[in-house]
Structures are given as C-alpha cells and as structure tokens.
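Q: I'd like to go over a predicted model; first the sequence, then the structure.
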Amino acid sequence: MEKEQKQNNDENQLKNEKSQLDENKDFDPTEKIKELEDKLTRNLAEMENQRRRFEKEKEDAFDYGGFAFAKETLNLIDNLERSKQSLENDENLKNSEALKKILDHLEIISKEQISIFKKNNIEPILAMNKKLDPNFHQAMIEIEDDQHEPGTIIQEIQKGFMMKDRLLRPALVGVSKRSKNNSKNNSKNDEQDKNKENQDKSTDK
C-alpha cells in the first residue's frame, strides 16, 4: 500500500515538473516586460488625471467656496432697494427732511455692501443702455421707445452680479422696442423704397 502511494506521489511530481517546463517554454521575457510597461503607463496616466482633478477642485473651492453664501447675500441689497422705493412712494413722507435722512443712510449702507462685494471679487453687471446679452441679462418686459435701438436696456428691474467669471444671477431688465406708429411708418417707408426700386428697374429696361 505504501509502495503504491509513493509511486503515485512520484508520478504527480513528474507531472508538475513537466507542466512547469512547458510553461517556461511559452514564457517570453520581452512580452512580459512590454505588458508590465503598459500597465505602469496606464497607472501613471490615471494618477496624473486624479492629481489634476484634485487641483481643479481645490482651486474651485478656494475661488468659489462662498458662491452660495454670496448669492443669498444679494437679498440684502434687494431688500434695501425695496425699502428705499417704499419710502419714496409714501405720501406722508414725501419731501420731508426725515425721508431725506433715511434715504441717505440707506444709500450709505448700500454702497458699503457693494464695496464689500467688490473686495471679494463680486461685481455688479452693467446693464443700462447696453444691448441685451442673454449671458448676463434677462428681459422681463419690452418698452416702446424710439430713442434707442430695439433690444437696448432702458430699465433695470433687479441688479445682476458676477463672481469673478461666474454668473451669480442675471440682471432683470426692460428692453426697448419700436412704437406701433414708428413700426407702421417704417413698414410704409420700406414699401415705398421697394416700389421706387421696382420703378427704377422698369425705367432702365
């Protein structure tokens, strides 16, 4: 029994050794090195991508970490502006010395807020008399006005702000459009010009 077991063990060992020899025959050092180089290159590229993503996230956190807070803070400016308008429209306070003093104080507070915003790279968007730009302005109403080109901002309903190169919120504005009479006159003039052009062509023939 022991003799048979020893014989089986010897046979298994011979098979294992033969298998290892066969594997060594198929082993190509050049291919293995190339495979390892490819893996190393991919790992290094992935590490570099992760480093760049981390750097970008770190920069954004530093530059725009207060973005949400700044957006909420704009409500203070809006409320101050509404308070000023409400006081100015109050018939009991109109033309009074008390109203003048209150408005002066509110103006000081408003300017101080804008100054603090500018120190933190938050700037108001210029709107009045500018052409409507959907990247910075949002048109709320159209106003008949023949003194400006159509699409010109002639009313600022709510001030817009930028934080560096990011839009905190667009300026809400009113833009000019041609009055109905002016539109009719322009259409009439265009028709007359067209008729004159056709007459000139007929004369040339």
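A: Good, I have the coordinates. Residues are numbered from 1 along each chain as shown.
Q: now E107, nearest residue through space, not along the chain?
A: Distance criterion CB to CB, 6 or more residues apart in numbering; nearest residue to E107, sequence neighbours excluded, is K84 at 7.8 Å. For glycine as for every other residue, the C-beta is placed from the backbone atoms N, C-alpha and C.
Q: mind checking which helix or strand that neighbour is in?
A: Using DSSP states H and E, K84 sits in helix 67-88.
Q: Quick check: next helix or strand after that helix?
A: helix 97-119.
Q: can you pull the buried residues of that following helix?
A: Residues of helix 97-119 classed as buried: I102, S110, Q113, I114, F117 (neighbour count, 16 or more other CB atoms under 10 Å).
Q: neighbouring contacts of whichever helix or strand comes after it?
A: Later in the chain than helix 97-119, the nearest helix or strand by DSSP H and E is strand 122-124. Outside strand 122-124, the residues that touch it by CB atoms under 8 Å, 6 or more residues apart in numbering are A70, I114, F117, K159, G160, F161, M162, M163, L168.
Q: looking at it, the residue nearest to E107 is touching D104, isn't it?
A: No: counting by CB atoms under 8 Å, no contact exists between K84 and D104, whose distance comes to 10.6 Å.
Q: re earlier: adding distance to P29, write the buried residues of helix 97-119 out as a markdown table.
A: As requested, these are exported to a markdown table (distance: CB to CB, whole Å):
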| residue | distance to P29 |
| --- | --- |
| I102 | 88 |
| S110 | 77 |
| Q113 | 72 |
| I114 | 71 |
| F117 | 66 |
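Q: Helix or strand next in line after the lowest-mean-pLDDT helix or strand in the chain, which one?
A: Across the helices and strands of the chain, mean pLDDT, DSSP states H and E gives its lowest value to helix 2-26, namely a mean of 55. Beyond helix 2-26 on the C-terminal side, the first helix or strand identified by DSSP H and E is helix 29-64.
Q: Taking their axis directions, that following helix and helix 67-88 sit at what angle?
A: Orientation check (axes from the mean of the first three to the mean of the last three CA atoms, to 10 degrees): helix 29-64 against helix 67-88 gives 20 degrees.
Q: What sits closest to D90 if chain neighbours are left out?
A: Spatial nearest neighbour of D90, excluding adjacent residues (CB to CB, 6+ apart): L99 at 7.5 Å.
Q: which ones are touching the one you found?
A: Taking CB under 8 Å, 6+ apart, we find L99 in contact with L87, E88, D90, L93.
Q: Show the buried residues in these.
A: Of the contacts of L99, these count as buried by 16+ other CB under 10 Å: L93.
Q: Looking at the contacts of L99, which two lie furthest apart in space?
A: Largest separation among these by CB to CB: E88 and L93, giving 8.2 Å.
Q: thinking again about what came up before, quick one: the contacts of strand 122-124 as JSON lines, columns for pLDDT and distance to N79 too.
A: Compiled in JSON lines, the contacts of strand 122-124 are given as follows (pLDDT from 0 to 100; distance: CB to CB, whole Å):
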{"residue": "A70", "pLDDT": "83", "distance to N79": "16"}
{"residue": "I114", "pLDDT": "86", "distance to N79": "14"}
{"residue": "F117", "pLDDT": "88", "distance to N79": "15"}
{"residue": "K159", "pLDDT": "91", "distance to N79": "13"}
{"residue": "G160", "pLDDT": "94", "distance to N79": "17"}
{"residue": "F161", "pLDDT": "94", "distance to N79": "15"}
{"residue": "M162", "pLDDT": "92", "distance to N79": "21"}
{"residue": "M163", "pLDDT": "89", "distance to N79": "20"}
{"residue": "L168", "pLDDT": "91", "distance to N79": "16"}
